[in-house]
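> I would like the atomic coordinates for the input below:
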Amino acid sequence: QVQVAESGGGLVQAGGSLRLSCDVSGRSLTAYTVGWFRQVPGKRREYVAVISWNGNDINYTDSVKGRFTISKDNAKNAVYLQMNSLKPEDTAVYYCGVPGRQKYYTGRENQYEHWGQGTQVTVSS
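Numbering: from 1, shown residues only. You can find the predicted model right below:
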């Protein structure tokens, strides 16, 4: 059984930083891509960043490039999202997801099969 759990969200002032964690069990992240997505009420969940199973491929949505960094720790089977220079428009529930296929590098939400419950990030102006 695959379990995904996000943590690390909170309330921060604009310009501040947060580090989100994504802990996965039931799938070895040495074989699975992990993606971060976010959602605000009334809108669809949107792609934020992705890291491949071997860490060699990383991609970010344009709005977070230069501010967010995705990384992974295979020993802990976890992925992290370091978020710096946060803006009010970054406010959302952040989710991490794991695709249904091994060694499949994608940022397309519909290819992700396993999701966590999400963690709220609120950035005040």
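
> check contacts around the residue lying farthest from the centre of the chain.
Going by C-alpha atoms, centre = their mean, the residue of the chain most distant from its centre is Ser125, 22.9 Å out. Taking C-beta atoms under 8 Å, 6 or more residues apart in numbering, we find Ser125 in contact with Ala14, Pro88. Where you see a C-beta, it was placed from the backbone N, CA and C, and this is true even at glycine.

> distance of it relative to Trp36?
Per C-beta to C-beta, to the nearest Å, Ser125 is found 23 Å from Trp36.

> next one: Ser124
21 Å.

> between the two, which has more neighbouring residues?
Trp36 (26 against 11; other C-beta atoms under 10 Å).

> shouldn't that one be within a strand?
Yes - the assignment for Trp36 by DSSP: H, G, I helix; E, B strand; the rest coil puts it in a strand.

> which strand residues bridge it?
Beta-bridge pairing of Trp36 under DSSP bridges involves Ala49, Cys96.

> I'd assumed Ile58 was in contact with it.
No - using C-beta atoms under 8 Å, Trp36 makes no contact with Ile58, being 11.1 Å away.

> any residues in contact with both of these two?
Ala49, Val50, Ile70.

> isn't Thr69 right up against Leu81?
Yes - between Thr69 and Leu81 there is a contact under C-beta under 8 Å: 7.4 Å.

> okay, those two: which has more neighbours?
Leu81 (27 against 16).
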